[in-house]
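Visitor: Based on what follows, work out the 3D shape:
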Amino acid sequence: MIRSCLLAASMLALAVPAAAQNGEARVREILRTTPLVDGHNDLPWALRETYGNDPHAVDLATNLDASTALHTDIPRLRAGGVGGQFWSVYVPATLTPTEAARETFEQIDTVRRIVAAHPDVFELATTADDVERIHAAGKIASLIGMEGGYSIDDSLGLLREFHQAGARYITLTHSKTTTWADSATDAPKWGGLSPFGEDVVREMNRIGMMVDLSHVSEETMIDAMRVSEAPVIFSHSSARAVTAHPRNVPDSVLRAMADDGGVVMVTFVPGFISEAVRSWNADRAAAAARLLTLNPGDPGTVTAGMAAWDAAHPQPTAGLADVIAHIQHVRDVAGIDHVGLGGDFDGVTSLPEEVQGVDAYPRILAALMAAGWSEGDLRKLAGENVLRVMRAVETVASSRSGERPSLAVIATAGAPE
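Guide: Just a heads-up that it's a prediction; the model follows:
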């Protein structure tokens, strides 16, 4: 399957460039009336790491491509036709849950300060109607997505407070398995969701928070889709059949999306969309682990050894054709109603060629148009699918508005070591 997908991507690459260039103007017209809603952008974290969490420390009103490492600024958002952006309020999984809760609230404050710094460009949104209204007014709807269920510190009360603060999805895990959900990139503890993890999903349904399954294990995906009354999302994941990274969505889950009603928002991270990059990353990690084992307490030798390894093994690159292959595969398996976009800009150190910043969306959509996608297809991919899911989540919450908040607590007895 991987070989056939890569071959298809290579063949598509030969046909795409001229038609894609000619189609970008048509794409921009589509995005004037349909908001392009991206599922995941880490600009708040980039500001925290590099600019003291101060949106005034760098001029987002100018194109920062040449002067900074940022993938996001207002000119490029405008050039990319972005109409709605889920800003990720990520904090590391290495924090204690209490630290994560505090710092996640700080990141929500960062999003609010980004919006306040540019009120002519951004406006906070919490509903699908908000997104469409703000886009129609010529602004970029700014939504908040949490990345990592550890930030609720095993408290449904905190979960509700994050919702009150504006968060509209939670990625149930990040890189590490939590006290109630298994991660895709860590040893499992629960075989999916724990009983308290199921309580978290149900309470998210009740209050109107989307259940985000990027980063979780396949078993957690299946459990969450079984428990959730509302459709789920993958805010930034690609297709495992094309690139065999555990962060990607297997075909078994893609096939289930039609019944679930949710959306897989394809991400552009090179290691998730290129098998060559994924394999290189794995080989490099193995080389580093070997050098550390052979040279304990000798960091100079390890550094020199890795420099030699890098010189002998040039890093491969991903490209636009890889992005297209994943979008096409999700559409082919899950259906046109279940595919979206979640770039992960400013959350990674490298990006595919021709997809170097948030201005790349018209190029991507034009490539799909050249490959035979209709205008209606592109509207669904760009924003209609995720807006439909948002409305479905809002409908479930409205139907349960008379229910009391859950008082479930995590069980401490019998938890695995």
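Visitor: how about the nearest residue to residue 121, chain neighbours excluded?
Guide: residue 74 (5.5 Å; CB to CB, 6 or more residues apart in numbering). In short, each C-beta sits where N, CA and C put it, glycine included.
Visitor: same thing with residue 361?
Guide: residue 80 (4.3 Å).
Visitor: Surely the residue nearest to residue 121 and residue 118 touch.
Guide: Yes - using CB atoms under 8 Å, residue 74 makes contact with residue 118 at a distance of 6.6 Å.
Visitor: Compare the two (neighbour count), which wins?
Guide: Neighbour count, other CB atoms under 10 Å: between residue 74 and residue 118, residue 74 has more, with 20 against 16.
Visitor: residues touching the more buried one, list them.
Guide: Neighbour list for residue 74: 60, 61, 62, 118, 121 [criterion: CB atoms under 8 Å, 6 or more residues apart in numbering].
Visitor: what about 10 Å?
Guide: 59-64, 82, 118, 120-122, 140, 358 (CB atoms under 10 Å, 6 or more residues apart in numbering).
Visitor: which of those residues lies closest to residue 211?
Guide: Distance ranking of the contacts of residue 74 against residue 211, using CB to CB, places residue 82 first at 23.8 Å.
Visitor: which residues touch the closest one?
Guide: Residue 82 touches 31, 35-38, 41, 72, 74, 76, 135, 140-141, 341, 343, 345, 358-359, 361, 382-383, counting by CB under 10 Å, 6+ apart.
Visitor: what's the burial count for residue 67?
Guide: 11.
Visitor: scratch that, residue 228 is what I was asking about
Guide: Look at residue 228: counted by other CB under 10 Å, it has 22 neighbours.
Visitor: That one reaches residue 205, doesn't it?
Guide: Yes - using CB atoms under 10 Å, residue 228 is in contact with residue 205, at 6.0 Å.
Visitor: Is it correct that residue 264 is in contact with residue 214?
Guide: Yes - using CB under 10 Å, residue 264 makes contact with residue 214 at a distance of 9.0 Å.
Visitor: ok, these two, which is more surrounded?
Guide: Comparing residue 264 with residue 214 by other CB under 10 Å, the one with more neighbours is residue 264, at 33 against 29.
Visitor: Angles on the backbone of the more buried one, please.
Guide: phi -100, psi 110 (degrees, to the nearest 10).
Visitor: Report the beta-bridge partners for it.
Guide: Here residue 264 shows beta-bridge partners residue 234, residue 339, assigned using DSSP bridges.
Visitor: Next up, the contacts around it.
Guide: 39, 213-214, 232-239, 248-249, 253-254, 257, 326-327, 329-331, 333-334, 338-340, 342, 385.
Visitor: Of these, which belong to strands?
Guide: In this view, the contacts of residue 264 that belong to strands under DSSP state E are 39, 233, 234, 339, 340.
Visitor: So the second one sits against residue 341, correct?
Guide: This points to residue 233. No - between residue 233 and residue 341 there is no contact under CB under 10 Å: 11.8 Å.
Visitor: Overlap of the contact sets of these two?
Guide: Joint contacts of residue 233 and residue 341 (CB under 10 Å, 6+ apart) are 39, 263, 265, 385, 386.
Visitor: Spatially, which two of these are the most separated?
Guide: Between any two of those, the greatest separation by CB to CB is 10.5 Å, found for 39 and 385.
Visitor: any residues in contact with both of the two?
Guide: Each of 233, 263, 264, 265, 340, 341 lies in contact with both residue 39 and residue 385 under the rule CB under 10 Å, 6+ apart.
Visitor: Buried subset of the residues you listed as a ChimeraX selection?
Guide: In ChimeraX, this line selects whichever of these come out buried by 16 or more other CB atoms under 10 Å:
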select :233,263,264,265,340,341
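Visitor: Turn the shared contacts of residue 39 and residue 385 into CSV, including distance to residue 275 and pLDDT.
Guide: As requested, the shared contacts of residue 39 and residue 385 are exported to CSV (distance: CB to CB, whole Å; pLDDT from 0 to 100):
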residue, distance to residue 275, pLDDT
233, 25, 98
263, 24, 98
264, 19, 98
265, 21, 99
340, 23, 98
341, 21, 99
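Visitor: out of the shared contacts of residue 39 and residue 385, who's nearest residue 402?
Guide: Distance ranking of the shared contacts of residue 39 and residue 385 against residue 402, using CB to CB, places residue 233 first at 25.7 Å.
Visitor: hang on, the earlier thing: may I have the phi/psi pair for the residue nearest to residue 361?
Guide: When read as degrees, to the nearest 10, the backbone of residue 80 gives phi -80, psi -10.
Visitor: what separates it from residue 189, distance-wise?
Guide: With distances defined as CB to CB, to the nearest Å, the gap from residue 80 to residue 189 amounts to 40 Å.
Visitor: So between those two, which is more surrounded?
Guide: Comparing residue 80 with residue 189 by neighbour count (other CB under 10 Å), the higher total belongs to residue 80, at 25 against 17.
Visitor: Quick check, the more buried one in contact with residue 356.
Guide: No - Residue 80 lies out of contact with residue 356 (CB under 10 Å); the separation is 11.2 Å.
Visitor: joint contacts of the two?
Guide: With CB under 10 Å, 6+ apart as the test, residue 80 and residue 356 both reach residue 345.
Visitor: What residues does the nearest residue to residue 375 once chain neighbours are set aside make contact with?
Guide: Take residue 375 and drop its neighbours on the chain: the residue closest to it by CB to CB, 6+ apart is residue 30, 6.0 Å away. Neighbour list for residue 30: 23, 36, 81, 362, 365, 369, 375, 376, 378, 379, 382, 383 [criterion: CB under 10 Å, 6+ apart].
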